[in-house]
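Novice: Pasting a predicted model and its sequence here:
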Amino acid sequence: MASPPPEATASEVLPSTPPLDETQPFARMMASFEAAAQVLGTESSEFAILRKSDREVAVAIPTTLSDGTVKVFDGYRIQHNAGLGPFLGPLRLDADLKIDELRALAAWMTWKCATLKVPFGGSSGGINIDPTEHDRSVVESAVRRYTASLMHDVGPDRDVFSPDIGADETAMAWVMDTISSHARHTENPAVTGKPLAMGGTIGHYDAVAQGLRVILQLAKSHLGMARGPATVVIQGAGLVGGNLARILHDAKHLVCGISDVHVALYNPNGLDIPTILNWRETTGGLVDCPGDLQTIDNSELLAKECDILIPCAVSNAIHSRNAADVNASLIIEGAHGPVSNRADKILDDRGIPVVPDILSNGGGVVVSYLEWVQNRTGFYWAAEVVEKRLNRMMREAWEAVRVEQESYDVSLRMAANLLAVQRVSAADHWRGIYA
């Protein structure tokens, strides 16, 4: 084995929180839920069902490229558990797609739906294509061929798609149209996150951010934090982080920090969020953004003093090497797994509560469910109705997690895990094993 270069630091050679790889994501994600099953006394034979996906489908996707050559992309759909209902899960378009990460994401969706009491099981899927490197027609062809190859496994009563990395509402429209063409009738409940013109719902664009807003208020009240504006640092400025910054700024909170992949912006007295978001929309990023602010890097941003830190960007943003530097009174997870397992223990020991992602960023799942319901009934709701039902479901999920927390005297994360395992295990128990 070659020796590392002399300039490599110990943390680079032996990182204390290794990045996700081909073999770890699902096992690492499931470990905390297995711990919850042990606390509950769940029979190992019952939990064994949840240690594997119900079904994993791999398809080849031959696609004609712009130069006339044919490339065969790989496509996958992972369906984790159907105990609570048909599957619901994202579609990713990512050249670095890893099947074990899809397994982890599908299971994550199972637990999230259970926590939020949404009647779906979890799924996920993707195509190993970078949509930014190909013409729109090539990406459309790949998405449609992928969808057609899965016709027996997807649909309103089987597996419902939602947007994710690289797959926006346009991709959802392609999926819906492909399924509808094969079914010979419109199947708009087969996809969520669609354009409004195709049966999408009002509120899907900022659903995750709106759910985070509800959880922030509930957690703030529960912890006895001062009434009125809170100082908030948000890692991320995209669909989740940017929308959340806008919503919190409008609600008179002081958003003191925000970042993208290149740079972080900070002002302890609050940033001019509308100007910053307009700059990002105009230029594509936060670099060289003008205004009364400091330009720092992401590592510095995570260590800034604030009431609430909300990482909305990447997994393992807070890890064992920087958890001790966090200077917030509360962390709310906006991304999937932004706090590593080791960091979670460090923060718990420091008395910094973390609201887990399967609860806090569940607004997207809730609004996907509300879109599916509207499509099934053919009756569409006003914005106020969607918002009211999102608020209610997020509040009920928070209250259910709090009951578990008080009953077992555990962290919010373990409480959410306990709730999810109970609900999924109960559904599997009553369904039984069909031979």
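Specialist: Received the coordinates, thanks.

Novice: Give me the contact list for the helix or strand where residue 368 lies.
Specialist: Per DSSP states H and E, residue 368 falls inside helix 363-377. Outside of helix 363-377, the residues within contact range by C-beta atoms under 8 Å, 6 or more residues apart in numbering are 88, 109, 112-113, 116, 118-120, 156, 160, 162, 188-189, 192-194, 199-201, 203-204, 207-212, 214, 380-381, 386, 389-390, 393-394. All C-beta atoms are positioned from the backbone trio N, CA, C, and that covers glycine.

Novice: Could you pull out the buried residues of it?
Specialist: Neighbour counts using 16 or more other C-beta atoms under 10 Å place 363-372, 374-375 of helix 363-377 among the buried residues.

Novice: Likewise for stretch 124-132?
Specialist: Of the residues in stretch 124-132, those buried (16+ other C-beta under 10 Å) are 124-129, 131.

Novice: Quick check: strands, which of those residues are part of them?
Specialist: 124-127 (DSSP state E).

Novice: tell me which of the residues you listed is nearest to residue 41?
Specialist: Nearest to residue 41 among these: residue 124, at 29.7 Å, using C-beta to C-beta.

Novice: mind listing what the closest one touches?
Specialist: 77-78, 89-92, 102-103, 105-106, 109, 164.

Novice: Of those residues, just say which sits nearest to residue 136.
Specialist: residue 91 (16.4 Å).

Novice: A strand includes that closest one, no?
Specialist: Yes. Assigned with DSSP: H, G, I helix; E, B strand; the rest coil, residue 91 falls within a strand.

Novice: quick one: secondary structure of the most centrally placed residue in the chain?
Specialist: For the chain, the residue nearest the mean C-alpha position is residue 336 (4.7 Å; C-alpha atoms, centre = their mean). Judged by three-state DSSP, the three-state class of residue 336 is coil.

Novice: check which helix or strand covers residue 255.
Specialist: strand 254-259.

Novice: Count the residues that sit near residue 34.
Specialist: 16 (other C-beta atoms under 10 Å).

Novice: May I see the buried residues of helix 363-377 arranged in TSV, with pLDDT and distance to residue 327 as well?
Specialist: Below are those laid out as TSV (pLDDT from 0 to 100; distance: C-beta to C-beta, whole Å):
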residue	pLDDT	distance to residue 327
363	97	27
364	96	29
365	97	31
366	98	31
367	98	33
368	97	35
369	98	37
370	98	37
371	98	39
372	98	41
374	98	43
375	97	45
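
Novice: what about residue 255, distance to residue 271?
Specialist: 6 Å (C-beta to C-beta, to the nearest Å).

Novice: can you list residues touching both of these two?
Specialist: By C-beta under 8 Å, 6+ apart, the residues touching both residue 255 and residue 271 are residue 249.

Novice: Pull the contacting residues for the residue nearest to the centre of the chain.
Specialist: 105, 108, 315, 357, 361.

Novice: Show me which of those residues is closest to residue 149.
Specialist: residue 105 (19.9 Å).

Novice: what about the closest one, which SS state?
Specialist: helix.

Novice: Pretty sure it sits against residue 88.
Specialist: No. Contact between residue 105 and residue 88 fails when scored by C-beta atoms under 8 Å: they sit 11.8 Å apart.

Novice: Overlap of the contact sets of the two?
Specialist: residue 122.

Novice: on that earlier part again, only C-alpha atoms, please: export the helix holding residue 368 in CSV.
Specialist: Extracted as CSV, the C-alpha positions of helix 363-377 are listed here (Å, rounded to 0.1, in the frame of the first residue of the first chain):
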residue,chain,number,x,y,z
GLY,A,363,-42.7,18.5,5.3
GLY,A,364,-42.0,17.2,1.8
VAL,A,365,-43.3,13.7,2.6
VAL,A,366,-46.5,15.2,4.1
VAL,A,367,-47.2,17.5,1.1
SER,A,368,-46.5,14.5,-1.2
TYR,A,369,-49.2,12.6,0.6
LEU,A,370,-51.5,15.6,0.4
GLU,A,371,-50.9,15.8,-3.4
TRP,A,372,-51.6,12.1,-3.8
VAL,A,373,-54.8,12.5,-1.9
GLN,A,374,-55.9,15.4,-4.0
ASN,A,375,-55.1,13.5,-7.2
ARG,A,376,-57.0,10.4,-6.0
THR,A,377,-60.1,12.5,-5.2
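
Novice: Show me what secondary structure element comes after that helix.
Specialist: helix 383-408.

Novice: Please spell out which residues along that following helix are buried.
Specialist: 386-387, 389-391, 393-394, 397-398, 400-402, 404-405.

Novice: now stretch 169-183
Specialist: Quick answer for stretch 169-183 (16+ other C-beta under 10 Å): 169, 171-180.

Novice: Quick check: bridge partners of the closest residue to residue 105 other than its chain neighbours?
Specialist: Among residues not flanking residue 105 along the chain, residue 124 sits closest, at 4.0 Å (C-beta to C-beta, 6 or more residues apart in numbering). Assessed by DSSP bridges, residue 124 has beta-bridge partners residue 78.

Novice: Give me the number of neighbouring residues for the closest residue to residue 355 other than its chain neighbours.
Specialist: Computed as C-beta to C-beta, 6+ apart, the closest residue to residue 355 that is not its neighbour in sequence is residue 332, at 4.5 Å. Residue 332: 28 surrounding residues under other C-beta under 10 Å.
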